[in-house]
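[1] Provided below are the primary sequence and the corresponding predicted coordinates.
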There are 2 protein chains.
Amino acid sequence: MSEEQQLTGGSVSNDTLSLLMKHASVRQFLDTPVSEEQLAAIIGAAQMASTSSNVQAYSVIAVTNPDLKAQLSGYSGNQAYIEQCPVFLVWCADLYRLHETAGPHLGDTPSYEDTTENLIVATVDVALAAQNAAIAAESLGLGIVYIGGIRNNSAAVSELLGLPELVYPVFGMCLGTPAGASGLRPRLPLAAVLHHNGYDKEQTKEQVKLYDKVSSQYMLERTGGQSDIPWSAMMAKRLAEPARLHMKEFLQDKGFMKR
Amino acid sequence: MSEEQQLTGGSVSNDTLSLLMKHASVRQFLDTPVSEEQLAAIIGAAQMASTSSNVQAYSVIAVTNPDLKAQLSGYSGNQAYIEQCPVFLVWCADLYRLHETAGPHLGDTPSYEDTTENLIVATVDVALAAQNAAIAAESLGLGIVYIGGIRNNSAAVSELLGLPELVYPVFGMCLGTPAGASGLRPRLPLAAVLHHNGYDKEQTKEQVKLYDKVSSQYMLERTGGQSDIPWSAMMAKRLAEPARLHMKEFLQDKGFMKR
């Protein structure tokens, strides 16, 4: 692309971009409640995200009951902020609503809600909606952190929240007023994730080498000199963990990806 | 929550919320190119989305080559806007980068990249990043449409773009300057997707009944009186389609969800 095209590309700076660029997960919250009006605005914004053929294959459970939050925290690795945040959102992929309401129209026609394709559709749908919610919340001065730990005990979480078949909890999200500022974590270089007209393996390798230096330096600062583990070594530790091996069977038990 | 708490909840209106609320997919684009500066800002914003334990398990291929776009359009159900848009982004779940760069640290230690859990992690990661990109693009006056059709021929798309093992194309995204305004599509009522402290099956049913009326009216207007099909009947048609049954085998061939 020519330099002229770049220069005529228009401004690439605005308030929304600034908001996106300063995202950091929040793990300490004030007592301040989230109002129903705020929650409605946040979930309303979530609903406007794109959805595959308008299936809207997700649901979100807003958990404010302290006992429930305590139990969910226990199921998710005892992360204190799950109990501390005023609202804990459990984002669920939901093909149940489709199946239940489409059922009467289907009669004896076979139904394909149990495919791997539809697991992907519902999982993407809920993630797009949740990310809109995250941005909406941050635009209102609230903070969030995604909780993948909700999958540590998928079946127990499902039972606690009464999730029917064809619904699974994909991740949680703490929502509330941040108790302080969170630091930005450096991401991979742009060239590590952005490829042009085809996947570039060599570029990936080189860029990760650069990132290993950056992430090692970041760890040194963050841990006060206790660790300088680079990203690739951190990822090795993660890949070596037999994490959440129940997911395949759990999803199939819930009616997902049977084929 | 009391009325007072609602009223003290602060303003729930700002430019970012307005932007989120007016999202509509764009299916007609002008010739105007997307500058490298714009693309970098958009993907840079994508990178700031939350990511599970910093795995950043996604890649995005920016396709600008006309021949490649034409082939991708052919593989995705011949949607004209894939050829028309100046940049077609192919968003991929990517565990290859992790596996390749963590490998040297692992030695003989077994690695768990092939679990269903990690398929979910990577699929969520790419969706969160892509939704940030969508919002960044819209904040710059550009428009987007997600293309699930990229999964119609997953293996052919993967080969065309040279996607290595442990990478799969989750969805495409047309990016460019909108040729005109797109209409908003009414979503499910808030109460159909938002539950409090537990999943409410009855509420779901009632809310879909209300939505069936709204969506039927919307179809009447959109089709100039040709169709008044309500949402639940539309969803029945969708569930009755044996769509993309290759996904399970394709994902396993690519090294995903082997357990």
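    Nice, thanks for sending it over. This is a predicted model, so every value here is computed, not measured.
[2] so who does A:E159 touch?
    A:E159 sits next to no residue when contact means Cβ atoms under 8 Å, 6 or more residues apart in numbering or on different chains. Where C-beta positions appear, they are placed from N, C-alpha and C, glycine not excepted.
[3] Can you tell me how far it is from chain B?
    Using Cβ to the nearest Cβ, to the nearest Å, A:E159 is found at 11 Å from chain B.
[4] Let me see the confidence value for that residue.
    Here the pLDDT value assigned to A:E159 is 98.
[5] Over to A:Q6?
    37.
[6] tell me which element A:P164 falls in.
    Here A:P164, judged by DSSP states H and E, is contained in no helix and no strand.
[7] Around it, count how many other residues there are.
    17 (other Cβ atoms under 10 Å in any protein chain shown).
[8] That one and chain B: what is the separation?
    6 Å.
[9] So for that residue, what's the nearest residue that isn't a sequence neighbour?
    Distances taken as Cβ to Cβ, 6 or more residues apart in numbering or on different chains put A:Y96 closest to A:P164, at 4.8 Å, once the chain neighbours are dropped.
[10] thinking that neighbour is in contact with A:S158, fair?
    No. The pair A:Y96 / A:S158 is not scored as a contact, 11.5 Å apart, by Cβ atoms under 8 Å.
[11] so does the strand or helix carrying A:Q252 get close to chain B?
    Per DSSP H and E: A:Q252 is located in helix A:247-253. Yes. Helix A:247-253 lies within reach of chain B by Cβ under 8 Å from any Cβ of the partner chain, at A:M247, A:K248, A:L251.
[12] Narrow those to those that are buried.
    Neighbour counting with 16 or more other Cβ atoms under 10 Å in any protein chain shown marks A:M247, A:K248, A:L251 as buried within the residues of helix A:247-253 next to chain B.
[13] ok so, going back, OK, contacts around the residue nearest to A:P164?
    By Cβ under 8 Å, 6+ apart, the neighbours of A:Y96 are A:P164, A:E165, A:L166, A:V167, B:T204.
[14] For those residues, which single residue is the most surrounded?
    The contacts of A:Y96, ranked by neighbours (other Cβ under 10 Å): first place A:V167, 26 neighbours.
[15] Can you get me a residue count around A:E241?
    11.
[16] still on that earlier bit, mind picking the one among the contacts of A:Y96 that's closest to B:G74?
    A:L166 (33.3 Å; Cβ to Cβ).
[17] so what sits against both of A:Y96 and A:S158?
    A:V167.
[18] confidence score at A:H196?
    Confidence score, pLDDT, at A:H196: 97.
[19] That one against B:I61, yeah?
    Yes. At 7.4 Å, A:H196 counts as touching B:I61 under the criterion of Cβ under 8 Å.
[20] how far does the helix or strand hosting A:A102 sit from the chain's center?
    Using DSSP H and E, A:A102 sits in helix A:96-106. Relative to its chain's centre, helix A:96-106 lies at 27 Å (Cα atoms, centre = their mean, to the nearest Å).
[21] swap in stretch A:180-189?
    Worked out by Cα atoms, centre = their mean, stretch A:180-189 lies 17 Å from the chain centre.
[22] Repeat that for stretch A:201-219.
    For stretch A:201-219, the distance to the chain centre is 24 Å (Cα atoms, centre = their mean).
[23] Repeat that for stretch A:245-259.
    Counting by Cα atoms, centre = their mean, stretch A:245-259 comes out at 20 Å from the chain centroid.
[24] Show me where chain A has its strands.
    A:58-63, A:87-94, A:143-147, A:167-176, A:194-196 (DSSP state E).
[25] Any chance you could list what contacts stretch A:247-259?
    So stretch A:247-259 is in contact with A:93, A:95, A:113-116, A:118-119, A:122, A:151, A:154-155, A:158, A:163, A:165-168, B:115-117, B:120, B:245, B:248, B:257, B:259, going by Cβ under 8 Å, 6+ apart.
[26] mind showing which ranges of chain A have poor pLDDT?
    For chain A, the stretches with pLDDT under 70 are A:1-10.
[27] Longest helix in it, please.
    If you go by DSSP state H, chain A has its longest helix at helix A:116-139.
[28] In this structure A:L166 contacts A:C92, no?
    No. Counting by Cβ under 8 Å, A:L166 does not reach A:C92; the two are 10.0 Å apart.
[29] Check which residues of stretch A:176-194 are buried.
    Buried, per 16+ other Cβ under 10 Å, within stretch A:176-194: A:G176, A:T177, A:P178, A:A179, A:S182, A:R187, A:L188, A:P189, A:A191, A:A192, A:V193, A:L194.
[30] Can you report how many residues lie near the residue lying closest to the first one once chain neighbours are set aside?
    Of all residues beyond its chain neighbours, the one nearest A:G176 is A:F29 (3.7 Å), with distances taken as Cβ to Cβ, 6+ apart. Summarising burial for A:F29: neighbours were counted as other Cβ under 10 Å, giving 25.
[31] A:F29 and A:H23: what is the separation?
    16 Å (Cβ to Cβ, to the nearest Å).
[32] got it, and A:A240?
    Applying Cβ to Cβ, the value for A:A240 to A:H23 is 29 Å.
[33] okay, these two: which has more neighbours?
    Set A:A240 next to A:H23 and count neighbours by other Cβ under 10 Å: A:H23 wins out with 21 against 16.
[34] Report the contact partners of the closest residue to the more buried one other than its chain neighbours.
    Sequence neighbours aside, B:M48 is the residue nearest to A:H23 in space, at 4.8 Å (criterion: Cβ to Cβ, 6+ apart). By Cβ under 8 Å, 6+ apart, the residues touching B:M48 are A:L20, A:M21, A:K22, A:H23, A:R187, B:N132.
[35] ok, A:L142 - contacts?
    A:L142 neighbours (Cβ under 8 Å, 6+ apart): A:V34, A:Q38, A:I42, A:L175, A:G176, A:T177, A:P178.
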